[in-house]
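> coords below, sequence missing:
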């Protein structure tokens, strides 16, 4: 059975990449009355209910004069959508004109937004983080100016062009051989709130996805996995990942144990326990609705995320 799309993989934007070649695109679109802009501060944007708050370009220019801009694409009605991104350090600066809107992070609100806004939010945060972290050429160290409507940088020294970086990472829900229990782990930073989640890690140089999964799960949980099944993916700009989700089977389930450093506890859960946890009724806390980890867990037990 096909897994429901992860929360941040539901974009219905038309990215319209051909338009990015126009060097005047951002300036021209900011002058159009139908253009709407998402102002992002670090990983936060203004949210009202299940919608992002989109603003007129003139208002954002006034509120965030030092923001860097990019073209997100076209909404369903054909109007342009831009992002104006500022570093997280400015997250509490300025005065909000909309008292009903709340500045909320992608982690907190991304999974609760309508499809169009969920896709826009993750793209906006990913671009904003790239703006903040890659302003200089990796070859010669000169400043690199934005081009292609915010989708590339060109070095002012050697002319090298660079593009937004995405790092592949695997994330896997591990079940027992009888498909009755799911193995979850607790990161050292989650112990205070009792949260457990699936196992994940970056793909290292020279690795396949399959090799990375087996290495990460054995390192973190002590078990060897097989029967890998790809279930879906989503962007996760913390810092700049593409999370590739899998299910797998533990071939030696009695060997499950935490590594004691990154993972401080591992536990097997049956479907009733997982359903209760998804409903917020215990026995443990699970990842938030924006995370593909929650979708993988819910997918295993046939529940909604």
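Okay, I see it. Every value quoted in this text rests on a predicted model; they were computed, and no experiment measured them.
> Run the chain-centre distance for the helix or strand containing residue 46.
Per DSSP states H and E, residue 46 falls inside strand 44-48. Remark: strand 44-48 is offset 16 Å from the chain centroid, using Cα atoms, centre = their mean, to the nearest Å.
> again with stretch 131-143
Counting by Cα atoms, centre = their mean, stretch 131-143 is centred 23 Å from the centre of its parent chain.
> can you tell me the average pLDDT over it?
Stretch 131-143 shows a mean pLDDT of 96.
> Quote the end-to-end distance of it.
End-to-end span of stretch 131-143 (Cα to Cα, to the nearest Å): 12 Å.
> Neighbours of residue 191, how many?
Residue 191: 11 surrounding residues under other Cβ atoms under 10 Å. Any C-beta I mention is one placed from the backbone N, CA and C, and that applies to glycine too.
> residues in contact with it?
Counting by Cβ atoms under 8 Å, 6 or more residues apart in numbering, residue 191 touches 264-265.
> mind checking how far residue 293 is from residue 26?
Relative to residue 26, residue 293 is positioned 35 Å away (criterion: Cβ to Cβ, to the nearest Å).
> more neighbours, the two?
The residue with more neighbours, out of residue 293 and residue 26, is residue 293; 25 against 22, by other Cβ under 10 Å.
> secondary structure element for the more buried one?
According to DSSP H and E, residue 293 maps onto helix 292-301.
> Packing partners of that helix?
Taking 3 or more Cβ pairs under 8 Å, 6 or more residues apart in numbering; DSSP states H and E as contact, the helices and strands that helix 292-301 lies on are strand 167-175, strand 181-187, strand 225-236, strand 241-250, helix 271-278.
> dump the residue contacts of residue 101.
Taking Cβ under 8 Å, 6+ apart as the contact definition, residue 101 lies against 46-48, 53.
> Out of those residues, which is nearest to residue 160?
Nearest to residue 160, judged by Cβ to Cβ, of those is residue 46 at 35.8 Å.
> now residue 158, what's its secondary structure?
Following DSSP: H, G, I helix; E, B strand; the rest coil, residue 158 is assigned to coil.
> I figured it was touching residue 141, is that so?
No: between residue 158 and residue 141 there is no contact under Cβ atoms under 8 Å: 9.5 Å.
> Please enumerate the helices of this protein.
Under the criterion DSSP state H, the chain contains helices at 25-30, 57-63, 106-109, 115-133, 209-221, 271-278, 292-301.
> For the fifth one, buried residues please.
This means helix 209-221. Neighbour-count burial for helix 209-221, counted by 16 or more other Cβ atoms under 10 Å, picks out 209, 212-214, 216-218, 220-221.
> Thank you, goodbye.
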